[in-house]
Structure formats: C-alpha cells, structure tokens
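**Q** Below are the sequence and a predicted model; questions follow.
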Amino acid sequence: MSYAEELNPTESVLAFYATELRRRREAAGMSQRALAKEALMAPSLLNKVEAARRLPTKPLSEVADRLLAADEFFTRLWPVVIKHAYPAWFRPFVELEEAATEIRSFQAQLVPGLLQTSGYARAVLAGGRPNRERVDELVTARLARQHVLERPEPPELWLVLDQNVLCRRMGGVDTMRGQLERLLEAAETPHIVLQIVPFDAGGPCGDGRFILRPDAGRRSGCRLCRRLSTGADLRRA
C-alpha cells in the first residue's frame, strides 16, 4: 500500500487536501500523469502532493477544479493549506496582515516578504536550509501572502527601506535585477508608498515591523499595533 493510500485526511489540512485530490481524480477516471500534464507539473511532484509531502500550488488547484468539476473546492481550500504551512508562531502575523487596511514597515536588511520575487525569496530562505523541498514550500507560502495586495481593496502599504537593502545581493545578478524591477513596479502602484533611506541620511529613527489592524469597535478603520518582531509580540497582538 502506498503512502497516499494510508494517508489519514484528519491529520492536517494538507492531508485532507491531498486525499480529496486523489479521491476526486480517481473518481473522474484521470491518471496522475494526465492531471500533472494539464497542471504543467511533473507527475512525481503531483504524487508528492497527493501524499501530503509537498504543498499544492494555486494553478494546480484551479486546474483540479476545472477538470474534476470540483466547483472551486480546491481553489477555496488552497489558502487554508498554505496558511498552515507557516510556523505556528508566525500564523497570527499572517492573520493580522490579511485583516489590516494599512501596513507600515521599516526594513534595514531585506526586501519585505510582501514585495519579494520568487527568486529573491528562494535566495533568502535557502540560507541554512539544505532541504530543497522545504525551501520550495516556504517560498510558496511566502508568495501566497502577497494576494492581499491584489484584492479589489488592498491595504495601503507604506515601506521605508534602508539603502543597504538595495545593495545587499541575494542570489545572482538576474535575481537582484528582477527584485529591483519589482520594487520599481510597486512604487508606481497607487496604494503603495516606497521610500529609501540613503546612507548619507545618518542612522534610522526606528526598526522592526509595524502593522495596522482593524479597530474592533468599528466596521472600518484601523488602530496602530505595537511593533511585531517576535513570537511573544504576535501572541500579545
């Protein structure tokens, strides 16, 4: 019996997604190879997804909904799967990020996750992680957070980056070129303010990440949260 056949769908959201994908695919009489071809992925990768050993992608979810007549089941389940791929201490931050109508952040070392390209994110996350599959999962989860900027009413994002962020090379030349182009593109977006603190400006006035979350007493609007930089900060937020 294969690992996928022994998988318990109640173990996790990922396991539930995996077993449902396999069950519905087989019910439709479709092979793994056929579904993988339509989703533009290797059959071996789809096999790992159905065994809950790799995270599914949004394109796979959309293809599965279309070919298996799933009525957006997998597309709607996918964000939940991705959310549970984050470390437990980080999930409250993601929830705050999704609820915020304004996000303000200062970064002195790296481009923040909301504006990272896949290549830049991979270069950042690969450090100290020899397991390539785990890096792939972390990159997928990080890029999934960026959907908040694609909503019809996205949060207002105000980023202040130290010039050091632009000068620190992560990955190769092409990776940095792509990341800098992404920042230029973001700077032209109406709901994003991007400012750079040059080296000759002296020391920064603060550090860490700030996020504005909805005021519990109002249907719209925000109140300022404290700086969120540790797991303890997130639990108190």
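**A** Noted; the coordinates are in hand.

**Q** these two touch, right, residue 108 and residue 162?
**A** Yes - the criterion here is Cβ atoms under 8 Å, and residue 108 meets it with residue 162 at 4.3 Å. (C-beta placed from N, C-alpha, C; glycine too.)

**Q** And the two? Which one has more around it.
**A** Neighbours were counted for residue 108 and for residue 162 using other Cβ atoms under 10 Å; residue 162 has more, 21 against 16.

**Q** Spit out the contact partners of the more buried one.
**A** 106, 107, 108, 109, 196, 197, 204 (Cβ atoms under 8 Å, 6 or more residues apart in numbering).

**Q** hmm, which two among the residues you listed are most spread apart?
**A** 109 and 196 (13.9 Å; Cβ to Cβ).

**Q** Comparing those two, which residue is more hemmed in?
**A** Neighbours per residue (other Cβ under 10 Å) separate residue 109 from residue 196, with residue 196 holding more: 14 against 11.

**Q** Who is the more buried one paired with across the strands?
**A** Beta bridges link residue 196 to residue 161 when assigned by DSSP bridges.

**Q** What is the least confident helix or strand in the protein?
**A** Between all helices and strands in the chain, the lowest mean by mean pLDDT, DSSP states H and E belongs to strand 222-224, at a mean of 39.

**Q** Just the strands from the protein, written as ranges.
**A** Assigned by DSSP state E, the strands in the chain fall at 102-107, 156-162, 192-197, 209-214, 222-224.

**Q** what's the least confident stretch among those strands?
**A** With a mean of 39, strand 222-224 has the lowest mean pLDDT of these.

**Q** With adjacent residues omitted, what lies nearest to residue 178?
**A** residue 117 (5.0 Å; Cβ to Cβ, 6 or more residues apart in numbering).

**Q** and that neighbour, what does it touch?
**A** Residue 117 neighbours (Cβ under 8 Å, 6+ apart): 175, 178, 179, 182.

**Q** So residue 25 is in contact with residue 69, correct?
**A** No - in terms of Cβ under 8 Å, residue 25 does not count as a neighbour of residue 69; the distance is 11.5 Å.

**Q** Which one of the two is surrounded by more residues?
**A** Taking neighbours as other Cβ under 10 Å, residue 25 and residue 69 compare with residue 25 leading, 19 against 10.

**Q** What distance do you get for the residue nearest to that one when sequence neighbours are not counted to residue 47?
**A** Nearest residue to residue 25 in three dimensions, chain neighbours excluded: residue 35, at 5.7 Å (Cβ to Cβ, 6+ apart). Here the criterion is Cβ to Cβ, to the nearest Å. By it, residue 35 lies 11 Å from residue 47.

**Q** More neighbours: these two, which one.
**A** residue 35 (23 against 18).

**Q** how about stretch 193-206: buried residues?
**A** The neighbour-count check on stretch 193-206 (16 or more other Cβ atoms under 10 Å) flags 194, 197 as buried.

**Q** oh sorry, the question was meant for stretch 151-166
**A** Quick answer for stretch 151-166 (16+ other Cβ under 10 Å): 154, 155, 157, 158, 159, 160, 161, 162, 165.

**Q** All set now, cheers.
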